Every structure is written in C-alpha cells, then in structure tokens.
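**Student:** fold the following, please.
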Amino acid sequence: MYEQFFGFRERPFDLTPNPRYLVLTDVHREALSNLEYGIVSHKGITLLIGEAGSGKTTLIRSAIEKQPARVHCIHLSNPALSRAEFIEMLAERFGLTSAAKTSKTTMLLQLEALLRARREAGETTVLIVDEAQSLSVELFEEVRLLANIEANDEKLLLVIIAGQPELIDRLNDKRLRQLKQRIALRCELRPLTLQETAAYLAGRIKAAGGVGAQVFTREAVTRIFESAHGIPRVTNVIADNALLSAYAQDRRPVTSAMVDEVCRDFDLAGHTVAAAPPAAQSANGRADVTATSAANRILDMKPDLVLRSADLPTRTGAAVDSDVSEDPLRWLRFFFERRSGNR
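**Tutor:** Numbering: from 1, shown residues only. So this is what the prediction gives:
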C-alpha cells in the first residue's frame, strides 16, 4: 500500500524469514558462522538460543542457502506433538512410506537408508527443531536418537535445535544430560543495540529499494528501539505500521509521534525483554564506535556526509518533522545511502 509513496519495490518489514533481508550484526555474523560450520563439518547437534523474534529462523535459512552442496532441510516448528505424532510428522516430511508413519521401527530403517543414499550422492540432510523450549522430555529423547544416526566418520543427520532462553534451563534437566553432551556447537542471539537497530532498519529499507534517510527521522528510530527493546520482529511490526500511518497522513519521513502512536495502539509500553548491552567503553572512557562503523559499512556510506532536511521530498506541501528540521545535523548518518557522484 505504501510502497510507491516511499519508493520501495516491496514492503521491507514483513514478518517472513526471508534471508535476503538478513542484516548481520557482529552477533548474528558469529551465529551464522557457527551454523554454517556445523552444517559443513557434519557436527551433529547445533544449539541456537535467542528471544522470540530475534531472527533465529531467518539466520538458519540463510546458513542453509549458503551451502555449496545440495542441502535437504526438514523444519519442525510445532513442539506440541505426542511421540506418535512426531514419528508421523517425520515420515511425512522425509517422504517415507505410509507404513513408516505408524511404525517407529519402519520409519527408522527407511530414514537411515534415505540418509545413507543422500550422503553417497554428496547431499546433506538437516533437521531443524524450532521452539524447542516447549518440547517434552520424550521428544527431546527422540531428537537425540535421531542425531545418533551416523556413518563411521560422520553424522548422517544434522540437527539444529533452536529455542528461547528458557531452553537453557530445560537442557540442565538431568533427564536430558545425554542430549546436552551431544551438543557440538552453541550460539546465542542477543537483542540489538540502538546502533544495530538503526543499521537493521536501514539495511532492510535498502534491500527493498528505498533510502533510509527519506523514511525515518533519528528520533523515530530511537523510539522504535526503545519500544522494541532490540527485538527484530517487534521492530518490524512497529516500523511497518509507522510507515502505514505516515502514508495515511500523507507525510514523510516517519516521525517520532507516529511511532509513539503505533506503540500505544499495540500496547508496547509494557513489552519487556532483557535489555541490549550498552556500548562498549574504550580505555579512555569514550564509547566504542565499532557498532556505528559496522552500520556505516552496511550502507556503504561516507561518514563525512550529512543529509539535509531540505533534501527530503514532501507531498502536497506536507511539513518535515520538527524533530529534525530544526537541526539538520542531527540526522543519523548511517540512515542514508549515497554513492560518489550519485545524488
């Protein structure tokens, strides 16, 4: 609806795990490297921890897409299954026979034969168990047994267990100690910082064909960060609805007042998540600029350039947000995209 108004090819903040919209912070990059390594090296079980909406599914899909060899991916996202339903689901997803859906023995025999045939053909099979913090103990045990399917020198089924922070406590259950011992890699996603939130917003806008400085004011970005607490999914919800509000009001860029209105509508004042860590301090006491520099690199910007409020197009005489029009130098520098000689 608002795409043409803001100059987008498509909506930048849809709630779909599209790897094309993955914006890598340092933490996301480290987690992605761990996932890729686990798949390439056939490490068995990889654990990915992150708050709801932190981008776990997007990251996993991105890791799988980066693999050079053919990778078969089975994604189980419903933890509320009985053991019989779990077996039936696996048989269906792996394309096994009807007999495998009702017999665990038949399922395991057919699955092992399938996995061996795929490895001989140079193919990899990955089982993703999402929302794992809600799995029953018996299903955790089934996952462990599946991860035990192996050849002499490598695992035939790679397992990625993804879940919210409560999963850490679940795995400390003595009944799951054998599963915990088999976790070869572990990575964790923390909430975004303010600088990372800015880079995240600008990166998704860029991927959709837009220019960040023409979309959000600096104060609007700060409000989004404060309300979303660094959680990408909540950030997407706020940003998408703020864009819709700006379109309805025939105004751009999106202002802090528009963001505040969206947050009131969604009752986000009470949304609490573990806070993102503060910016690191250098030896001389000044904040580390690494995160800001990383954001600048994402947008391929020149740090000595500043977008003036006069550069912003308006429609039907709509006013520029007073948050920024009074002092154009307050524009957040990494919220624009400008290459040499291209205005």
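
**Student:** ok, which stretches of the stretch 1-150 of the chain are helices?
**Tutor:** Assigned helices in the stretch 1-150 of the chain, in chain order: 3-6, 26-40, 56-65, 83-93, 98-102, 104-120, 137-147 (criterion: DSSP state H, counting those that start in this stretch).

**Student:** other SSEs contacting the longest one?
**Tutor:** In terms of contacts (3 or more Cβ pairs under 8 Å, 6 or more residues apart in numbering; DSSP states H and E), helix 104-120 is packed against helix 83-93, helix 98-102, strand 124-129. Bear in mind the C-beta positions are built from the backbone N, C-alpha and C, glycine included.

**Student:** just say which of the helices of the stretch 1-150 of the chain is most tucked in.
**Tutor:** Comparing the helices of the stretch 1-150 of the chain by mean neighbour count (mean count of other Cβ atoms under 10 Å), helix 56-65 ranks first with a mean of 21.

**Student:** can you list contacts of that one?
**Tutor:** 17-19, 21-22, 28, 31-32, 35-36, 39, 48, 50, 71, 73, 126, 128, 130, 160, 162, 189 (Cβ atoms under 8 Å, 6 or more residues apart in numbering).

**Student:** how does it look with 6 Å?
**Tutor:** Residues outside helix 56-65 that contact it (Cβ atoms under 6 Å, 6 or more residues apart in numbering): 17, 19, 22, 31-32, 35-36, 48, 50, 71, 73, 128, 160, 162.

**Student:** returning to that earlier point: can you tell which of the helices of the stretch 1-150 of the chain is closest to Tyr247?
**Tutor:** Closest approach to Tyr247 among the helices of the stretch 1-150 of the chain is made by helix 3-6 (5.0 Å; Cβ to Cβ).

**Student:** for the closest one, the distance to its chain's centre please.
**Tutor:** The chain centre lies 25 Å from the centre of helix 3-6; the measure is Cα atoms, centre = their mean, to the nearest Å.

**Student:** convert it to PDB, retaining C-alpha atoms only.
**Tutor:** Extracted in PDB, the C-alpha atoms of helix 3-6 (Å, rounded to 0.1, in the frame of the first residue of the first chain):
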ATOM      1  CA  GLU A   3       5.500   1.100  -1.300                       C
ATOM      2  CA  GLN A   4       5.200   3.600  -4.100                       C
ATOM      3  CA  PHE A   5       4.900   6.500  -1.600                       C
ATOM      4  CA  PHE A   6       8.300   5.700  -0.100                       C
END
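
**Student:** tell me where the model's unsure across the stretch 151-300 of the chain.
**Tutor:** 269-300 (pLDDT under 70).

**Student:** quick one, helices of it?
**Tutor:** Assigned by DSSP H, counting those that start in this stretch, the helices in the stretch 151-300 of the chain fall at 166-171, 177-181, 194-207, 218-228, 232-249, 256-265, 290-299.

**Student:** so of those, which one's packed in deepest?
**Tutor:** helix 194-207 (a mean of 25).

**Student:** hang on, the earlier thing: need the helices of the stretch 1-150 of the chain in CSV (columns: distance to Thr235 and mean pLDDT).
**Tutor:** Formatted as CSV, those follow (distance: least, Cβ to Cβ, whole Å; pLDDT from 0 to 100):
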stretch, distance to Thr235, mean pLDDT
helix 3-6, 17, 93
helix 26-40, 14, 92
helix 56-65, 13, 91
helix 83-93, 31, 95
helix 98-102, 40, 96
helix 104-120, 38, 95
helix 137-147, 31, 95
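
**Student:** now for Asn148, how many residues are close by?
**Tutor:** Neighbour count for Asn148, taken as other Cβ atoms under 10 Å: 13.

**Student:** and what of the one 3 residues further on?
**Tutor:** One way to gauge burial is a neighbour count; for Ala151, by other Cβ under 10 Å, it gives 12.

**Student:** the one 3 residues further on too?
**Tutor:** When neighbours are defined as other Cβ under 10 Å, Glu154 has 13 of them.

**Student:** and for Pro68?
**Tutor:** Using other Cβ under 10 Å, the number of residues around Pro68 comes to 6.

**Student:** circling back to that earlier point, of the contacts of helix 56-65, closest to Leu201?
**Tutor:** Proximity of the contacts of helix 56-65 to Leu201 (Cβ to Cβ) peaks at Leu22, which lies at 13.7 Å.

**Student:** next, the contact list for the closest one, please.
**Tutor:** By Cβ under 6 Å, 6+ apart, the contact set of Leu22 is 58, 62.

**Student:** that older thread, compare the helices of the stretch 151-300 of the chain and report which one is nearest to Phe6.
**Tutor:** Taking these one by one with Cβ to Cβ, helix 232-249 is closest: 6.5 Å.

**Student:** what's that closest one packed up against?
**Tutor:** Of the remaining helices and strands, those touching helix 232-249 by 3 or more Cβ pairs under 6 Å, 6 or more residues apart in numbering; DSSP states H and E are helix 218-228, helix 256-265.
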